[in-house]
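[1] Sequence and predicted structure, then a few things I'm wondering about:
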Amino acid sequence: MERPSLEINLPDTHEEGKLYVVDSLNNLNKLNVCPDESQHSLDEEENTGGTGENMAGSNTRNQCLFFITFILTLIISLALVSFVIFLIIQTRNKMDQISSRLLSEKKNIEELKKINNILLKHLNQSGIKD
């Protein structure tokens, strides 16, 4: 008949055991995940009741860091795109210069061919008369 009183004590002990296991796992997780410096801040947060002031400051700091990183990335991307556009324009200018030189050289070669043909005709005619 004393068995019902024994059953009442077992669930209480079982619940206390569960809480002890959870606390132990939390402590082990803190030791494995957090470096030594951040462990002190976690201990302080637990001691102060975890008001969330540290988390709000950390969140604001993370947002500022993200914003600064984002702005720097945009500036660097803009600089790279501007440099690529500058290179494209310079290449186009050089190609235009080369193309105009080729056209002028082609005209010069055509003129030289005409002069060569005229000279050959003149030499052929003078050679026939001699």
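    Done, it's in.
[2] okay, CA-based contacts and neighbour counts for the rest of this
    OK.
[3] Check whether L65 sits in a helix, strand or coil.
    Of the three states, L65 takes helix according to DSSP: H, G, I helix; E, B strand; the rest coil.
[4] how close does it get to A56?
    14 Å (CA to CA, to the nearest Å).
[5] Listing request: residues of this protein with sub-threshold pLDDT.
    Applying pLDDT under 70 to the chain flags residues 1-19, 29, 32-55, 128-130.
[6] Roughly how far does V84 sit from T69?
    22 Å.
[7] Which helix or strand contains F83?
    Using DSSP states H and E, F83 sits within helix 53-129.
[8] Show me what that helix is packed up against.
    Judged by 3 or more CA pairs under 8 Å, 6 or more residues apart in numbering; DSSP states H and E, helix 53-129 is in contact with no other helix or strand.
[9] Would you mind measuring from I85 to L28?
    For I85 relative to L28 (CA to CA), the value is 56 Å.
[10] Next: K114.
    From K114 to L28 the distance is 96 Å (CA to CA).
[11] Number of residues surrounding L31?
    13 (other CA atoms under 10 Å).
[12] all numbers from here: first residue = 59
    Renumbered: residue one is now 59, and that last one reads L89.
[13] Quick one: classify it as helix, strand or coil.
    Of the three states, L89 takes helix according to three-state DSSP.
[14] Now do the same contact list for N151.
    With contact set as CA atoms under 8 Å, 6 or more residues apart in numbering, N151 has no partners.
[15] Let's see that with 10 Å instead.
    145, 157 (CA atoms under 10 Å, 6 or more residues apart in numbering).
[16] ok, now N85?
    Counting by CA under 10 Å, 6+ apart, N85 has contacts V79.
[17] Just the element for it, please.
    helix 61-91.
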